[in-house]
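> structure of the sequence below:
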Amino acid sequence: MKYKSIIRNLILVLSSCFLTLGVQTSSTHEADSPTYTNKTTVTRITAKDLNDNQPLLMSTLIYYAITHISDGRWIEVSDIDRGWQIQKVAVDGGIHYLVWPDKRIKNESKHIEPNWFEINGDTVVYHSFIIHSQGYEVTNTISLKEIVNTVNTKHGIIKINSMLENLVIV
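Next up is the predicted model:
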């Protein structure tokens, strides 16, 4: 009889411990989990938006490059906190958009040829100079329509818009 009482008390103590632990784990998990609401309005990016807004165009093209081009050099410019300095250079009747990996980069720090892109009508050609390759360059050609279709996710649009504050065009 004495053992039944001890076992019953032990079961009660263990049960309350498990219940308390379960409640604490559940509430801790809820507190650590982000809360998502549908209050964030995400507007799709269109080709017209890009034609009318050069910073949005630059941000979109950089976002596409750092998330979808895997030649290694575009990863070098993927630090969103440092941002980007876009330098427009006229070459042979066109414009090369040099992408420097810091919005505050100074000319004396521009030693290595940067990644760059050019826009030819509805086509974007991304260029990456491969270091120690005797001048070898990797190119990726993609239509602006495909870029727009690829980046038009909620995450992509939010990220592109957040990149605007760290983008400088010179």
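> tell me which helix or strand Thr141 sits in.
Under the criterion of DSSP states H and E, Thr141 resides in strand 137-143.
> what's next to that strand, contact-wise?
Strand 137-143 is contacted by residues 64, 69, 71, 73, 122-130 when judged by C-beta atoms under 8 Å, 6 or more residues apart in numbering. Just so you know, the C-beta spots here come from the backbone N, C-alpha and C atoms, and that holds for glycine as well.
> Thr43 is in contact with Lys154, isn't it?
No. Taking contacts as C-beta atoms under 8 Å, Thr43 lies outside contact range of Lys154: 10.5 Å.
> for Gln85, what are its contacts?
99-100, 102-105, 168-170.
> and the residues you listed, which is closest to Phe117?
Nearest to Phe117 among the contacts of Gln85: Val99, at 7.2 Å, using C-beta to C-beta.
> mind checking what helix or strand follows whichever helix or strand the closest one is part of in sequence?
Secondary structure from DSSP H and E places Val99 in strand 94-100. Later in the chain than strand 94-100, the nearest helix or strand by DSSP H and E is strand 115-120.
> for that next one, packing partners?
helix 54-68, strand 94-100, strand 123-129 (3 or more C-beta pairs under 8 Å, 6 or more residues apart in numbering; DSSP states H and E).
> picking up where we left off before, pairing partners for the strand holding Thr141, with directions?
Using DSSP bridges, strand 137-143 pairs in its sheet with strand 123-129 (antiparallel).
> state the mean pLDDT of the partner strand.
Averaged across strand 123-129, the pLDDT comes to 94.
> ok, stretch 74-92 next?
On average, stretch 74-92 scores 95.
> end to end, how far does that stretch reach?
Counting by C-alpha to C-alpha, to the nearest Å, you get 24 Å between the two ends of stretch 74-92.
> got the buried residues for it?
Buried residues in stretch 74-92, counted by 16 or more other C-beta atoms under 10 Å: 74, 77, 83-87.
> okay, these in CSV with secondary structure next?
Putting these into CSV (DSSP: H, G, I helix; E, B strand; the rest coil) gives the following:
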residue, secondary structure
Trp74, helix
Val77, helix
Gly83, coil
Trp84, strand
Gln85, strand
Ile86, strand
Gln87, strand
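> so which of the residues you listed is the closest to Ile158?
Gly83 (16.6 Å).
> residues in contact with the residue nearest to that closest one when sequence neighbours are not counted?
Spatially, and ignoring its direct neighbours in sequence, Gly83 is nearest to Asn166 (2.8 Å; C-beta to C-beta, 6 or more residues apart in numbering). Residues counted as contacts of Asn166 (C-beta under 8 Å, 6+ apart) are 80-84, 103.
> no further queries at this time; thank you.
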